[in-house]
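K.L.:
I'd like to go over a predicted model; first the sequence, then the structure.
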Amino acid sequence: MIPQLEEVPGVLGRIARQRLRQVLASRPTIGPRPEAAPPSFERALRKPGLSLIAEIKRKSPSAGRIADLDPRATAEAYARGGARAISVLTEPEYFGGRNQDLVAARVAGLPLLRKDFVVHPDQIWEARGLGASAVLLIVGILGPLTGAYLREAQKAGLDALVEVHNEVELALALEAGARIIGINNRDLKTLEVDLTTAPRLARWARALGFEGVLVAESGYTSPEDLATIRDLVDAVLVGTSLAGHGGDLAQAVRMLMQTATP
């Protein structure tokens, strides 16, 4: 059940193919599930007002080096600031992440999204063993296998953030039965950001009758940015502008979210 990665163009394809080589070279360690079930990612995002998923992110292909974050201290700061969930990058080469970052972030007690490039079902079970509440499933990578990977996540007891960037991918996510859809303003094949993408696709998803959780991703840096999507989506994922803040991260979260709720 491995996607046809040779058909994935641009930066996204390059990262996905490298991730698959890494996974096949050293199969993920699938340990026992943590004794306590992780907090619900979906439930956290359904709380009143706009929910923030704050991201632990050291670097990226688009921004380069962002910050040498300590995952434990960062997670605790995000929680103090009012984030409702935390996204943890675990991809090592392009984003400087590691599995232990996710384990360390559990100290905050918030739902954790394992932010990685899932190209093999073992990565889903590994995420559960690490204590994640949810995994990222990118439709641009998985294509017609999105539904199969979504069912695998459900078997593992995980929520899934099913990420899309255009109408074709959104249709696939809806057909697969996604309950949480992330709309990425960044085209992962070109790395270009268009902040009209999330509003456009959010309206279309609701017009088609989608009643699940909608998450806007990428390019949000200010309370004014969030005000433009507050009434269209349930949550926003913010990475670079928070991770690279360089100051009091808890206060940065509070300032970002100050006009996010009515």
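P.N.:
It's in. Numbers count the residues shown, from 1 in each chain.

K.L.:
ok, longest helix in this protein?
P.N.:
Secondary structure assigned by DSSP state H gives helix 10-25 as the longest helix of the chain.

K.L.:
C-alpha coordinates for the next helix or strand after that one, CSV please?
P.N.:
Using DSSP states H and E, the next helix or strand after helix 10-25 towards the C-terminus is helix 41-45. Taking C-alpha atoms only, helix 41-45 is exported to CSV below (Å, rounded to 0.1, in the frame of the first residue of the first chain):
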residue,chain,number,x,y,z
PHE,A,41,-7.3,16.2,18.2
GLU,A,42,-10.8,16.6,16.6
ARG,A,43,-12.5,17.5,19.9
ALA,A,44,-9.9,20.2,20.6
LEU,A,45,-10.5,21.8,17.2
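
K.L.:
What residues does G81 make contact with?
P.N.:
G81 sits next to 54, 249-254, 257 when contact means CB atoms under 8 Å, 6 or more residues apart in numbering. The way it works is simple: take the backbone N, C-alpha and C, and place the C-beta from them, glycine included.

K.L.:
The same query, at a cut-off of 6 Å, please.
P.N.:
Contacts for G81 (CB atoms under 6 Å, 6 or more residues apart in numbering) come out as 250, 253-254.

K.L.:
roughly how far apart are S51 and F117?
P.N.:
According to CB to CB, to the nearest Å, S51 and F117 sit 24 Å apart.

K.L.:
for the stretch 51-200 of the chain, what spans make up the helices?
P.N.:
With DSSP state H, counting those that start in this stretch as the criterion, the stretch 51-200 of the chain has helices at 71-81, 92-95, 99-105, 121-130, 139-142, 146-155, 167-176, 197-207.

K.L.:
So which of the ones you listed has the densest surroundings on average?
P.N.:
Stretch with highest mean neighbour count among the helices of the stretch 51-200 of the chain: helix 139-142 (a mean of 26; mean count of other CB atoms under 10 Å).

K.L.:
circling back to that earlier point, going by distance to V193, which of the contacts of G81 wins?
P.N.:
V253 (21.2 Å; CB to CB).

K.L.:
Can you report how many residues lie near the closest one?
P.N.:
Neighbour count for V253, taken as other CB atoms under 10 Å: 22.

K.L.:
ok, and for stretch 108-117, which residues are buried?
P.N.:
Using 16 or more other CB atoms under 10 Å as the test for burial, stretch 108-117 gives 108, 110-117.

K.L.:
distance between the ends of it?
P.N.:
From its first residue to its last, stretch 108-117 covers 24 Å (CA to CA, to the nearest Å).

K.L.:
Over to stretch 82-95?
P.N.:
End-to-end distance for stretch 82-95, by CA to CA: 25 Å.

K.L.:
Just the buried residues of that stretch, please?
P.N.:
For stretch 82-95, burial by neighbour count (16+ other CB under 10 Å) applies to 82-91, 94-95.

K.L.:
So which of these is the closest to R14?
P.N.:
Distance to R14 across the buried residues of stretch 82-95 (CB to CB) is lowest for Y94, with 8.8 Å.

K.L.:
In TSV, list the helices of the stretch 51-200 of the chain along with mean pLDDT.
P.N.:
Shown next, in TSV, are these (pLDDT from 0 to 100):
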stretch	mean pLDDT
helix 71-81	96
helix 92-95	93
helix 99-105	96
helix 121-130	95
helix 139-142	97
helix 146-155	97
helix 167-176	98
helix 197-207	97
